[in-house]
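Engineer: could you work out the structure for the sequence below:
(chains A and B)
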Amino acid sequence: ETGVTQSPTHLIKTRGQQVTLRCSSQSGHNTVSWYQQALGQGPQFIFQYYREEENGRGNFPPRFSGLQFPNYSSELNVNALELDDSALYLCASSTDREEATQYFGPGTRLTVL
Amino acid sequence: AQSVAQPEDQVNVAEGNPLTVKCTYSVSGNPYLFWYVQYPNRGLQFLLKYITGDNLVKGSYGFEAEFNKSQTSFHLKKPSALVSDSALYFCAVRARHIPTFGRGTSLIVHP
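Structural biologist: Numbers count the residues shown, from 1 in each chain, chains lettered A, B, ... in the order given. Predicted coordinates for the structure are as follows:
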């Protein structure tokens, strides 16, 4: 098991609501990335945070936002939830080198009704 | 834009036989290539990566992968499959801090 933890494990929301997902990095890691994995698909990169700044973003709308805290833990916020936001949300931590291995948490399963 | 293709949705192999899971990629510049494995309702586990140097990379659980620059491929291999290897396998490429994953290949190892 990696040292990356995520909370909550499961979450059910209704369309239009807002949600916050949390991630604690593995010790020694200063970079956090978030991914969305829809059923039967590979993980889609949402964004990456390094030293509390976003330094990479995938093709996701602004209603997906994040934070990284001084202890390198992170939050993913999604506003105005849509049915298609239902997915497994994965957090991964690493060092800041581009070739660094990312270590994934177990994920948060979000269901939007 | 960079991309990763895993042309097989599913690979079936008998226990004890060699296995190959295919991956091709498209990226500008020199890529960093990764393989991850995912078990049901779990996050991804790192298997191996190619950064530079020897084209044959050895990783966890007896897996290895061969980087082929001319064919832009990074196929995952194992000499002798185990039933416990049955899982979902993802190839990923990383360039300019943007990671891209393939759709995944379901490996089924039959006893």
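Engineer: and the helix or strand hosting B:Val13, which residues are buried?
Structural biologist: Using DSSP states H and E, B:Val13 sits in strand B:10-14. By neighbour count on 16 or more other C-beta atoms under 10 Å in any protein chain shown, the buried set for strand B:10-14 is B:11, B:13. Bear in mind the C-beta positions are built from the backbone N, C-alpha and C, glycine included.
Engineer: which neighbouring elements make contact with it?
Structural biologist: If you count contacts as 3 or more C-beta pairs under 8 Å, 6 or more residues apart in numbering or on different chains; DSSP states H and E, strand B:10-14 packs onto strand B:19-21, strand B:105-110.
Engineer: from the chain's centroid, how far away is whichever helix or strand comes after the shortest one?
Structural biologist: For strand B:19-21, the following helix or strand on the C-terminal side (DSSP H and E) is strand B:24-26. Using C-alpha atoms, centre = their mean, to the nearest Å, we find the averaged C-alpha position of strand B:24-26 to lie 12 Å away from the chain's own average C-alpha position.
Engineer: any idea of the mean pLDDT in strand B:24-26?
Structural biologist: Taken as a whole, strand B:24-26 has an average pLDDT of 96.
Engineer: try stretch B:45-56
Structural biologist: Mean predicted confidence for stretch B:45-56 is 92.
Engineer: ends of that stretch, how far apart?
Structural biologist: Its first and final residues considered, stretch B:45-56 spans 20 Å by C-alpha to C-alpha, to the nearest Å.
Engineer: ok, now how distant is A:Ser33 from A:Glu98?
Structural biologist: For A:Ser33, the distance to A:Glu98 (C-beta to C-beta, to the nearest Å) stands at 12 Å.
Engineer: more crowded one of those two?
Structural biologist: Ranked by neighbour count (other C-beta atoms under 10 Å in any protein chain shown), A:Ser33 and A:Glu98 place A:Ser33 first, with 26 against 16.
Engineer: pull up the pairing partners for whichever strand or helix holds that one, direction included.
Structural biologist: Using DSSP H and E, A:Ser33 maps to strand A:31-37. Strand A:31-37 has the following strand partners under DSSP bridges: strand A:44-50 (antiparallel), strand A:87-94 (antiparallel).
Engineer: got CSV for those, with mean neighbour count too?
Structural biologist: Listed next are the strands paired with strand A:31-37 as CSV, based on neighbours: other C-beta atoms under 10 Å in any protein chain shown:
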stretch, mean neighbour count
strand A:44-50, 21
strand A:87-94, 25
